[in-house]
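Peer 1: Just need the structure, nothing else, for what follows:
(one chain, ligands or ions: 1)
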Amino acid sequence: MTNKKPVDEPDLSVLIAGVRLQNPVIAASGCFGYGSEYAEIIDVSALGGICTKGLTFKPRQGNRGERLYETPAGLLNSIGLENPGIEAFIEKELPRMRALGPALIANLSGGDTDEYVLGARLLDDSAVDMIELNISCPNVKSGGMAFGLDGERAAALTALVRKAAAHKPLMVKLSPNAPDLAAVARACASAGADAFSLVNTFTAMAIDTARRRPVFDNVAAGLSGPAVRPLALRMVWDLYGALEDSARNSAKRLKPPPIVGLGGIACANDALEFLMAGSRAVQVGSASFARPRSMTEIIAGIGEYMRARGLKTTAELNIRGSYPGPQNSGAAPQD
Ligand SMILES: Cc1cc2nc3c(=O)[nH]c(=O)nc-3n(C[C@H](O)[C@H](O)[C@H](O)COP(=O)(O)O)c2cc1C
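Peer 2: Numbers count the residues shown, from 1 in each chain. Model (predicted):
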């Protein structure tokens with residue numbers, strides 16, 4: 001009789017700002033409703049986490065006119081943070097979401113500083129596991145991305161939200177449209193950010209040539225999907241390098257905040273690229289619209305990759321410690 005050695009199952013779990021996720025795959029904000037909408041199509045309990053649609057203190061109806069427009073390998077959106085308001089979310093959606101199982105991340109937005117702070121206070125008192133501070137939404141006239149383009153404004157808001165939601169881990173969602181992403185991230189880290197997610201959508205536009213006018217009422221919209229993946233990956237690579245450098249050079253030698261990478265991830269290989277570039281976890285957005293099963297397939301694919309190579313933890317996927325080449329692509333200003 002052959003005595004087959006049981007194959008050790010890889011441990012896919014990850015720790016983000018003190019929150020343990022059963023695997024590194026999170027549903028991105030605005031692309032997975034509140035999770036329960038998908039419960040009849042996929043096994044939602046298998047996900048690592050779910051980010052809510054962008055929530056604001058006051059309910060919002062979102063933008064008028066066109067809201068979604070397909071581009072080659074991408075999606076333009078101008079939803080404008082339609083949501084029922086945080087009080088209604090906590091009352092109606094949160095209990096259902098909590099019952100699904102995965103870690104629960106509330107994506108917080110606001111039209112001005114006061115609205116962010118009021119929302120953060122409500123979420124601090126709620127059953128969410130983490131707050132994702134959205135300083136990167138390109139589709140609202142005030143607030144949103146305006147806070148994420150500049151280090152000083154981003155840090156001031158992060159500090160206020162950190163104080164208002166003192167009991168919750170805080171992940172700041174960065175904008176790929178910031179001229180100096182590393183500076184914004186460093187400022188937010190000093191103001192209390194525990195983790196970063198990167199990227200939100202890229203500002204872009206389309207013109208309706210038949211009507212001779214821009215497709216979206218706000219002219220600009222946010223581009224997501226496979227079209228942005230190589231750009232997002234490069235940004236994650238650079239941010240990881242920049243945060244490692246800052247931590248190494250800081251007097252206290254603090255650990256750099258973890259990065260949750262996203263942008264165009266549609267299959268396991270895409271997710272592996274981000275995990276190799278230094279992301280501790282990934283989020284999947286637009287792919288869920290095209291194929292709702294994308295996330296469960298990505299989780300299975302990461303497990304298979306690790307099993308085939310005898311990797312025990314997802315941290316072993318990160319190539320940054322062993323890669324001898326440049327830790328910064330040189331494509332963007334880092335200081
Ligand atoms: C229809 C739609 C709605 C979105 N709503 C939000 C939102 O409310 N808050 C937010 O932080 N990001 C929002 N995003 C951005 C996504 O969470 C994600 O950052 C972006 O789409 C890039 O990932 P992807 O290429 O996998 O979609 C939205 C994206 C889409 C396509």
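Peer 1: neighbours around the residue of the stretch 101-250 of the chain found nearest the ligand, how many?
Peer 2: Going by Cβ to the nearest ligand atom, the ligand is nearest to S224 of the stretch 101-250 of the chain, at 3.1 Å. Every C-beta, even on glycine, is put in place using the N, C-alpha and C of the backbone. The local packing of S224 (other Cβ atoms under 10 Å) involves 29 other residues.
Peer 1: now do the one 4 residues further on
Peer 2: Close neighbours of V228, defined as other Cβ under 10 Å, add up to 25.
Peer 1: Same check on S136?
Peer 2: Counted with other Cβ under 10 Å, residues neighbouring S136 total 27.
Peer 1: Verify the stated contact: it with V184.
Peer 2: No. Counting by Cβ atoms under 8 Å, S136 sits too far from V184 to count as a contact (9.6 Å).
Peer 1: Which residues are in contact with each of the two?
Peer 2: G148, L174, S175 (Cβ atoms under 8 Å, 6 or more residues apart in numbering).
Peer 1: if we take those, which one ends up nearest to R98?
Peer 2: The shortest approach to R98 among the shared contacts of S136 and V184 belongs to L174, at 27.2 Å (Cβ to Cβ).
Peer 1: dump the residue contacts of the nearest residue to the closest one once chain neighbours are set aside.
Peer 2: With sequence-adjacent residues excluded and distances taken as Cβ to Cβ, 6 or more residues apart in numbering, L174 is closest to L198, at 4.5 Å. Residues counted as contacts of L198 (Cβ under 8 Å, 6+ apart) are 173-174, 176, 181, 232, 235-236, 239, 259-263.
Peer 1: and if you look at G48?
Peer 2: For G48, the contact set (Cβ under 8 Å, 6+ apart) comprises L12, V14, L21, Q22, N23, P24, V25, I26, P102, A103, A281, I299.
Peer 1: and the nearest residue to P72 once chain neighbours are set aside, backbone torsions?
Peer 2: With sequence-adjacent residues excluded and distances taken as Cβ to Cβ, 6+ apart, P72 is closest to A227, at 6.8 Å. Per-residue torsions, A227: phi -60, psi -30 (degrees, to the nearest 10).
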